[in-house]
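Asker: sequence first, then the predicted structure, then my questions.
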Amino acid sequence: MKPLLIKPLVVLLFLLCPAMQLFAQEHQKRLALVIGNAAYQHGGALKNPVNDADLMARTLEDLGFDVIKETDAGLKDMQSAFKGFVTRLDDYGVALFFYAGHGMQVDGQNYLIPVDARLEDKLSVEFEAFKVSSVNRYFAFNDDKLNIMILDACRNNPYRAWMRGGGQGFNAIEDQGAGTIIAFATREGETASDGTGSNGLFTQHLVEQMRIPQNITDVFQNTRVSVLKASNKQQVPQEWNMLTGNFYFTQTASGQRTNEVVSKNPSLGRSETIITYGSIELTTEISGALYLDGKLMGNISSNSKTPINEVRVGTHTVKIVGNETQTHEITVYKDRATMLIFKKKKEDHTSAVVATFIDSRENMTYKSVRIGNQVWMAENLGYVIPGSYVNEKGDRLYTWKAAMKACPAGWHLPSDKEWEILVNRFGGKDKAGAALKSTSGWKDGGNSTNSSNFTGLPAGIRGSFSKFLYLDEYGLFWSSTEESERLAWFRVLNYDNSEMNRDVYAKVRALSCRCVRD
């Protein structure tokens, strides 16, 4: 769902003992806390921070980190997440903190801005924002671990009205000790780009470099080169390096650490004349999410040709999950392109049969739609129950606890898996939104066709301070699947694209409810 972020800073702390220069790569467990704030409730909503947090979390998981993720977090959420992160670190040798969202400096102090911050005056920053020094101080006190802090958080400042034009960008963190590297997404006191795509410029290029087997200092140096080029020299990442040892996010296939890039992860792209290992020339008549050995490579269109380059020699499993799901085993040979074809097994005649049913509890009639083997409500639930609230447009929104009880007999709140089946039937998360959105009620038209007859509506959310937000812009729908005691999974439709994405949200927030028949 979320809007997005600001970007600037990266703090990497530690490797104090020279004798342990290479210890972290193989012998130490890794833990990361990733926070992305975008849906600011009092102005300054951002486009890409949640996407950046999602991208960083996926990348770190691939690199062997256990990841705690928070998105659109209020101050108490951020404090609680950081406390949970800190209490687990005794079992880990590598700690990484990543934040994407609004950030500012006031009187030389750097702050990360929670989504519920009002910041009506200068004094309020002390009580409503999260101090960067809290993380830096904890890492400095725990110098027996490798500590990494990445803050990509200096976009434009929406709260500068009372700051006399100041407060743009972060201040340098000058109290780091030996074994510390501090990296900003841009120069001190300047702002960073939110990017023209689905990710901010700095995070986009940083994760690419993290996947290459190279020393951490080379990761940031090469990120700077890439960002300089992409921004036409308008954004200049920079570091302060006091490292005393080496650290590698990833390493070569043989386990040898090297600063030379000798191998790459498989990636979608154009065919290459020279094949380093082997490649797969994929031709497909079906669309959907493409997986190689269980790893998501991206989304592909039907009737397309897609090379998968830099694939290791050996047997691999290729799977497409979309309007059809197919799996093939293929053997890749050195310096050779192996052909693989996915043929459509059947025509995709997506059924969308509209009917009605009566909820006898309030004698209300609802539209329903049969889509494949599922029958969904074709309008939002309106049953009155404690924990439900009506917004200015008359839409009823439910906390997760209320939504779990709200569906009529014979119906239930859909699981995350049931949502996935629906989304995949209309081309996956990147395309399904257009088919699932109503053709009216959305800001700027909503890029919708409603070819599914699902008729998704933009009822927004009920956030902190009992405020209703994002009417006409977002439709958010609970699933019955919990992520934790405090969070549950939901699906979101956006007015400005054709996607239907998934994420987790605090159960106390109120979202729309659609029921699916048992």
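Answerer: Yep, it's here.
Asker: so residue 338 sits right up against residue 279, yeah?
Answerer: Yes. Counting by C-beta atoms under 8 Å, residue 279 is a contact partner of residue 338 at 7.3 Å. In this view, the C-beta of every residue, glycine as well, is placed from N, C-alpha and C.
Asker: got any residues that touch both of those two?
Answerer: Taking C-beta atoms under 8 Å, 6 or more residues apart in numbering as the criterion, residue 338 and residue 279 both touch residue 332.
Asker: quick one: which of the two has more around it?
Answerer: Comparing residue 338 with residue 279 by other C-beta atoms under 10 Å, the one with more neighbours is residue 279, at 22 against 16.
Asker: residues contacting the more buried one?
Answerer: 271, 272, 307, 308, 309, 310, 311, 332, 336, 337, 338.
Asker: quick one, helices of the stretch 251-400 of the chain?
Answerer: 400-406 (DSSP state H, counting those that start in this stretch).
Asker: which regions of it sit below the pLDDT cut-off?
Answerer: Residue ranges of the stretch 251-400 of the chain with pLDDT under 70: 251-276, 345-353.
Asker: mind jotting down where the strands sit in it?
Answerer: 267-268, 279-284, 288-292, 295-300, 304-309, 314-322, 325-332, 337-342, 353-359, 364-371, 374-377, 388-390, 396-398 (DSSP state E, counting those that start in this stretch).
Asker: so for residue 153, which of those strands sits nearest?
Answerer: Of all the strands of the stretch 251-400 of the chain, strand 295-300 sits nearest to residue 153, with 26.9 Å by C-beta to C-beta.
Asker: gap between residue 369 and residue 357?
Answerer: Distance of residue 369 to residue 357, given as C-beta to C-beta, to the nearest Å: 11 Å.
Asker: could I get the strands of the stretch 251-400 of the chain as CSV with distance to residue 248?
Answerer: Conversion of these to CSV gives the following (distance: least, C-beta to C-beta, whole Å):
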stretch, distance to residue 248
strand 267-268, 20
strand 279-284, 26
strand 288-292, 23
strand 295-300, 20
strand 304-309, 23
strand 314-322, 24
strand 325-332, 26
strand 337-342, 30
strand 353-359, 55
strand 364-371, 47
strand 374-377, 46
strand 388-390, 50
strand 396-398, 47
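Asker: just those: most buried one?
Answerer: Among the strands of the stretch 251-400 of the chain, ranked by average contacts under mean count of other C-beta atoms under 10 Å, first place goes to strand 396-398 (a mean of 24).
Asker: what is that strand packed up against?
Answerer: Applying 3 or more C-beta pairs under 8 Å, 6 or more residues apart in numbering; DSSP states H and E, one finds that strand 396-398 makes contact with strand 388-390.
Asker: partners of the strand it packs on, with directions?
Answerer: strand 396-398 (antiparallel) (DSSP bridges).
Asker: so residue 81 is in which element?
Answerer: helix 75-88 (DSSP states H and E).
Asker: list the contacts of that helix.
Answerer: Contacts for helix 75-88 (C-beta under 8 Å, 6+ apart): 31, 33, 35, 68, 70, 73, 95, 97, 112, 114, 116-117, 128-130, 134-135, 138, 506.
Asker: how far off centre is it?
Answerer: Centroid separation for helix 75-88 versus its chain: 19 Å, with C-alpha atoms, centre = their mean, to the nearest Å.
Asker: and the residue nearest the centre of this protein?
Answerer: Nearest to the geometric centre of the chain sits residue 54, at 2.0 Å (C-alpha atoms, centre = their mean).
Asker: give me the pLDDT for it.
Answerer: Per-residue confidence (pLDDT) for residue 54: 93.
Asker: list the contacts of the residue lying closest to it once chain neighbours are set aside.
Answerer: Sequence neighbours aside, residue 36 is the residue nearest to residue 54 in space, at 7.1 Å (criterion: C-beta to C-beta, 6 or more residues apart in numbering). Counting by C-beta under 8 Å, 6+ apart, residue 36 makes contact with 2, 4-5, 49-54, 69-72, 99-101.
Asker: bridged to residue 36, which residues?
Answerer: residue 71, residue 100.
Asker: please renumber so the chain begins at 55
Answerer: Okay, residue one is now 55; in that scheme the one you just asked about reads as residue 90.
Asker: low-confidence ranges, this protein, go.
Answerer: 55-81, 208-235, 240-251, 296-299, 305-330, 399-407.
Asker: show me how the record splits it into domains.
Answerer: 63-295, 321-396, 407-571 (automatic domain parsing).
Asker: so which of the contacts of residue 333 comes closest to residue 415?
Answerer: residue 362 (52.4 Å).
Asker: okay but the closest one is in contact with residue 347, surely?
Answerer: No. Checked against C-beta under 8 Å, the pair residue 362 and residue 347 is beyond contact range at 10.9 Å.
Asker: burial measure for residue 292, as a count.
Answerer: Neighbours of residue 292 (other C-beta under 10 Å): 18.
Asker: could you give the bridge partners of it?
Answerer: Here residue 292, judged by DSSP bridges, has bridge partners residue 238.
Asker: mind checking the SS state of the closest residue in space to residue 252 that isn't next to it in sequence?
Answerer: In this structure, residue 252 finds its nearest non-sequential neighbour in residue 105, 4.9 Å apart by C-beta to C-beta, 6+ apart. At residue 105 the chain is in helix, as set by DSSP: H, G, I helix; E, B strand; the rest coil.
Asker: I am finished for the moment; much appreciated.
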